[in-house]
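Engineer: This is a predicted model, with the sequence first.
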Amino acid sequence: MRQPWNEFNSKMPWRMELGCYALNKLACGGLVFGLLWVYCYLTEEITGIPLTIAGNSGELTAQLWAYGFALPAALAADALRDLLPWLRKPEQLTLYLAAGFSVFLLLGSLMSPAGTGISWSNGIAGAGITLLYYGGRYWLNREYGLQILLAFLLPLLLWPIGLQ
């Protein structure tokens, strides 16, 4: 039985499909990490204050948001999407929004500094970030050169700079 990870090439072996799926998710993670990094960098340049995603605590970094929160949320949404193949695009979009919102709300609240409680903005940002993974499933599907650049080279270039 063919796995539904690559809707565009029905003759691809399942191991190759799984590899393409993993590359796509890593590329989406690199895209999210790069966008969050640019946001933090520009905000720091404009305001002059070092910034992390959830304030100045330093606990919630762009790396954690892209790979620790958004990637598991997207994987969970993909698993639910594959278990429910009858879902149409608006329902799939809602599934990704719900997965991103709930994962970011739960994990962001657990990992935020003591006393801050539930941060609804974490959930809203998570829903938007998870949509990048949903879009990347279609936008980056056949762009293997761009996927390799986003999955490996961009994070390797930005991570050592040390910007939270």
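Structural biologist: Perfect, thanks for sending it.
Engineer: Give me the buried stretch members for the longest helix along the chain, please.
Structural biologist: When the chain is parsed with DSSP state H, its longest helix is helix 14-47. Under the neighbour-count criterion of 16 or more other CB atoms under 10 Å, helix 14-47 has 17, 20-21, 23-34, 36-37, 40-41 buried. All C-beta spots, glycine's among them, are computed from the backbone N, C-alpha and C.
Engineer: So for it, mean pLDDT?
Structural biologist: Across helix 14-47, pLDDT averages out at 86.
Engineer: same check, this time on stretch 132-147
Structural biologist: Taken as a whole, stretch 132-147 has an average pLDDT of 85.
Engineer: Pull up the distance across it, start to finish.
Structural biologist: Terminal residues of stretch 132-147 are spaced 14 Å apart (CA to CA, to the nearest Å).
Engineer: I figured Ala76 was touching Phe101, is that so?
Structural biologist: No: shown here, Ala76 and Phe101 do not form a contact pair, counting by CB atoms under 8 Å, at 12.0 Å.
Engineer: Can you give the distance of the longest helix of the chain from its chain's centre?
Structural biologist: Centre-to-centre, helix 14-47 and its host chain are 7 Å apart (CA atoms, centre = their mean, to the nearest Å).
Engineer: What is the subsequent helix or strand relative to that helix?
Structural biologist: Per DSSP states H and E, the first helix or strand lying C-terminal to helix 14-47 is helix 62-63.
Engineer: Torsion angles phi and psi at Asp82?
Structural biologist: Phi and psi for Asp82, reported as degrees, to the nearest 10, are phi -70, psi -30.
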